[in-house]
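Enquirer: Have a look at this prediction, sequence included:
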Amino acid sequence: PGGARPVHRWRVSRRTAELRHPIPRQPASDPPGTSAPGRAFRDCEACPEMVVVPAGTFRMGCPSGRDDCQDAARPVHDVEVASFALGQYEVTRSEFAAFVAATGHVAQGCRVYAWQRRSFARDRWEWETRDSASWQESGLRPRDNAPVVCVNWEDASAYVRWLSEETGEEYRLPSEAEWEYAARAGTTSRYYWGDEGGEHCAHANGADRTAERTFERQEFPWSFSGCTDGADATALVASFAPNAFGLYDMGGNVWEWVADCWHDNYAGAPRDGSAWTNDGDCGRRVSRGGAWFNSVAYLRSDRRAWDDAGSRDVQSGFRVARTLD
């Protein structure tokens, strides 16, 4: 199967999840010269909170012998990853707002859900690209600690460049290999909480009973989980349990842009953890993790997807990486 992210039609409710895992706020501080794995820090008051990810080697992709793998997630291969820092949470609306206020960056036009009235068919909600829609006016409830949406790969890249200029540190989007390594957090299972997708509601925001109540009369192409995660759209960051590296929402909530160009499979992929930006389609960029409306299969640690680098919609966000000295 291809790696394109699915586009579907449904109504968006404003019901939201309560914050079950309060965000530990810290004063801005400089990280030590040698960063201990698991240490959380921020480089500035407006900077995202970061977690030091330890160096290691892992098996990237969907293991052979499983019959539920994407072709795009093969061949499985060993990758060595140097220690780096990764955002503890997806970049929030308030963090992105600070960037926009400082730079005047414009991120306008977004694929949103709109009510379509039809003369010869029933009215329904559908995808619609609107020039007036943006990360500020996405149709989802505006909450400072929700992940920013309606940002494309270019917006995310502009944000990390700004962080680098502000701090003097090397901020960037994570490579796809770094992202999967951090998501797995030492696991080899389908999901970072285990092999059973039905347990996702304690760990990730995906299509669940809450969403089913909202979308039961809409066209939805897959089944909902039998559990309840409390959110039928984006949830506040840190609403679910973190993985073993202390990272939140590495499955579900929003798709996360990474640095890599799209390649149809892993043949010839780098094995040093770097971003794969040659010999691919760089007009399409990789995104990872699945989103709030996706069935649990899209929340797998090895699940790959792509979108056009200039595409914005209400399912797309990102988190940042930082190179360590």
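Expert: Thanks, I have it.
Enquirer: Return the distance of the residue nearest the centre of the chain relative to Cys69.
Expert: Using CA atoms, centre = their mean, the residue of the chain that lies closest to the mean C-alpha position is Glu256, 2.6 Å off. As judged by CB to CB, to the nearest Å, Glu256 and Cys69 stand 21 Å apart. For glycine as for every other residue, the C-beta is placed from the backbone atoms N, C-alpha and C.
Enquirer: before we move on, the earlier item: next one: phi and psi at the residue nearest to the centre of the chain?
Expert: The main-chain torsion angles of Glu256 are listed as degrees, to the nearest 10 and equal phi -120, psi 120.
Enquirer: hang on, it packs against Glu176?
Expert: No. With contact defined as CB atoms under 8 Å, Glu256 does not reach Glu176; the gap is 10.3 Å.
Enquirer: Run through the helices of the stretch 1-150 of the chain in chain order.
Expert: 93-103 (DSSP state H, counting those that start in this stretch).
Enquirer: Low-confidence stretches in it?
Expert: By pLDDT under 70, the weakly predicted segments of the stretch 1-150 of the chain are 1-34, 113-126.
Enquirer: quick one: the strands in it?
Expert: 40-41, 50-53, 56-60, 77-81, 84-87, 108-116, 124-134 (DSSP state E, counting those that start in this stretch).
Enquirer: Tell me which of those strands sits nearest to Gly186.
Expert: strand 56-60 (7.8 Å; CB to CB).
Enquirer: Give me the helices and strands touching that closest one, please.
Expert: Contact partners of strand 56-60 among helices and strands, from 3 or more CB pairs under 8 Å, 6 or more residues apart in numbering; DSSP states H and E: strand 77-81, helix 176-184.
Enquirer: List of residues touching that strand?
Expert: By CB atoms under 8 Å, 6 or more residues apart in numbering, the residues outside strand 56-60 that reach it are 76-81, 177, 180-181, 184, 186, 188, 266, 269, 302.
Enquirer: CA atoms only for that strand - export them in PDB, please.
Expert: Output of strand 56-60 as PDB, limited to C-alpha atoms (Å, rounded to 0.1, in the frame of the first residue of the first chain):
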ATOM      1  CA  GLY A  56      21.700   3.500  20.400                       C
ATOM      2  CA  THR A  57      21.100   1.000  17.600                       C
ATOM      3  CA  PHE A  58      17.700  -0.300  16.600                       C
ATOM      4  CA  ARG A  59      15.900  -2.200  13.900                       C
ATOM      5  CA  MET A  60      14.000   0.200  11.700                       C
END
